[in-house]
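[1] Generate coordinates for the sequence data below:
(one chain, ligands or ions: 3)
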Amino acid sequence: MTTQNPTGSTSTSTPSMKRIAVLTSGGDAPGMNAAIRAVVRSATYHGVEVVGVRRGFQGLHEGDMRLLGARDVANIIQRGGTILLTARSRTWRSPEGRALGADYLRQWGVEGLVVIGGDGSFHGAHYLQEEHGIKVIGVPGTIDNDLYGTDHTIGYFTAVETALDAVDKLRDTAASHERIFVVEVMGRHAGHIALDVAVAGGAEEVFLPEDEHPDQHIAEVVRSSVSKGKASSIIIVAEGYPGGGMAVTKAIEEQTGLEVRLSILGHIQRGGSPVSSDRVLASRLGEAAVEALLAGRSNVMVGRGYGGTTYTPLPETWEKRKDVSRDLYRCAKVLSI
Ligand SMILES: Nc1ncnc2c1ncn2[C@@H]1O[C@H](COP(=O)(O)OP(=O)(O)OP(=O)(O)O)[C@@H](O)[C@H]1O
Ligand SMILES: O=P(O)(O)OC[C@H]1O[C@](O)(CO)[C@@H](O)[C@@H]1O
Ligand SMILES: [Mg+2]
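    Ligands and ions are numbered 1, 2, ... in the order given. Next comes the predicted model:
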């Protein structure tokens, strides 16, 4: 078969697959488009056709798919969201729902599937391979950075930058009014975003889902912030901390009598043009996913670690926990003195 190569000339080689599919699933993340582009272009380079599945597993279950060529993914590397759309699909959680999706893949002659998403999406991909023998490769795409087996996930860097920009702005008004601001950032089960934003934003305190003694922690913070005599404070809370930003706000108000303002940043953290680190990561991992499929790998997530590409069995990505950096947590405490 004739394939395209980067110099525009042609080479002869026979790829091990003729057609693969790609989908995005779970919460969207800046950089997913760059990953889609990388999958399509790298497959095209190897002479493999790509089917784009819309709306994640929900679209797969409904057969909502079409062929994508190299030109279809032009001018998307800089765009947030996902051109393939995404969904949280209840249907995919049942074997019957997955069987319909597998049928569509067979009808379309798809031999391998690239799933760009988070831990939930990787469960869905894993079951598809277990139940129907379809080769699957996971690409870590979630702002939460909560996947074991990769230093970073696509979208995480951009989400941190977006939250940090908001924190910098909130600090202006906090300082002017001598107020305490509690800022809630995303992270249902993981405090990676919260910790990075706290350190980079010079926050006075940070509350994470990983905190061992949540209630006791709030009391300590309140006491120390008052005794330090700081005129204004920024306190970062991950949404997965028990009770979220609201609980921390109430506890501080009740225990100090001080006025506190709560700012929940919410979905703004998921949008926007991806920063360069997310684009580069997405490009690398999209290409690595195609190469992994063509090399016969399956049921693994491609990631980055130890300066190179990593391959982690999908179940390990959710069974093993990527803890927040304890060093950085200590650093945040020391620097907020
Ligand atoms: N246990 C499961 N079995 C089968 N499919 C699943 C399972 N868990 C999740 N999925 C599928 O994966 C989709 C995405 O999962 P989820 O909503 O947890 O997001 P995610 O991939 O973890 O991304 P993020 O956490 O960034 O939003 C679900 O909507 C569902 O279709
Ligand atoms: O968009 P939804 O369904 O409200 O999900 C929000 C969740 O998704 C995430 O943004 C991850 O994609 C979490 O940080 C957050 O808890
Ligand atoms: Mg998840």
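
[2] If we ignore the residues flanking it in sequence, what's nearest the residue nearest in space to the middle of the chain?
    The residue lying closest to the centre of the chain (Cα atoms, centre = their mean) is Thr142, at 1.1 Å. Closest residue to Thr142 apart from its sequence neighbours, by Cβ to Cβ, 6 or more residues apart in numbering: Gly118 at 3.5 Å. In this view, the C-beta of every residue, glycine as well, is placed from N, C-alpha and C.

[3] count of neighbours near the one you found?
    Using other Cβ atoms under 10 Å, Gly118 is surrounded by 25 other residues.

[4] Just want the phi and psi numbers for it.
    As for Gly118, its main-chain torsions (degrees, to the nearest 10) stand at phi -110, psi -160.

[5] Surely it touches Val139?
    No. In this structure, Gly118 is not within contact of Val139 by Cβ atoms under 8 Å, at 10.4 Å.

[6] surely His46 meets Leu293?
    No. In this structure, His46 is not within contact of Leu293 by Cβ under 8 Å, at 9.7 Å.

[7] Between those two, point out the one with more neighbours.
    Neighbours per residue (other Cβ under 10 Å) separate His46 from Leu293, with Leu293 holding more: 26 against 22.

[8] Excluding covalently adjacent residues, which one is nearest to the more buried one?
    Gly112 (4.1 Å).

[9] Angles on the backbone of that neighbour, please.
    phi -150, psi 150.

[10] Enumerate the beta-bridge partners assigned to it.
    With DSSP bridges as the criterion, Gly112 is bridged to Ile20, Lys135.

[11] so who does it touch?
    By Cβ atoms under 8 Å, 6 or more residues apart in numbering, the residues touching Gly112 are Met17, Ile20, Ala21, Ile134, Lys135, Val136, Ile137, Leu293, Ser298.

[12] Show me the two of these that sit farthest apart.
    The distance between the two most remote of the contacts of Gly112 (Cβ to Cβ) is 13.7 Å, for Ala21 and Ser298.

[13] okay, the two: which has more neighbours?
    Comparing Ala21 with Ser298 by other Cβ under 10 Å, the one with more neighbours is Ala21, at 26 against 18.

[14] Would you map the strands across the protein?
    Secondary structure of the chain (DSSP state E): strands at 2-4, 10-12, 19-24, 49-53, 65-68, 112-117, 135-140, 180-185, 205-207, 233-238, 260-264, 300-305, 308-313.

[15] Would you convert these into CSV that also reports mean pLDDT?
    Below are these laid out as CSV (pLDDT from 0 to 100):
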stretch, mean pLDDT
strand 2-4, 38
strand 10-12, 42
strand 19-24, 98
strand 49-53, 98
strand 65-68, 98
strand 112-117, 98
strand 135-140, 98
strand 180-185, 96
strand 205-207, 93
strand 233-238, 95
strand 260-264, 96
strand 300-305, 98
strand 308-313, 98
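
[16] Among these, single out whichever gets nearest to Gly80.
    Across the strands of the chain, closest to Gly80 is strand 19-24 (Cβ to Cβ), at 12.2 Å.

[17] Which residues outside that closest one are in contact with it?
    32, 35-36, 39-40, 43, 48-54, 56-57, 59-60, 65, 68, 82, 84-86, 105, 108-117, 141, 290, 293.
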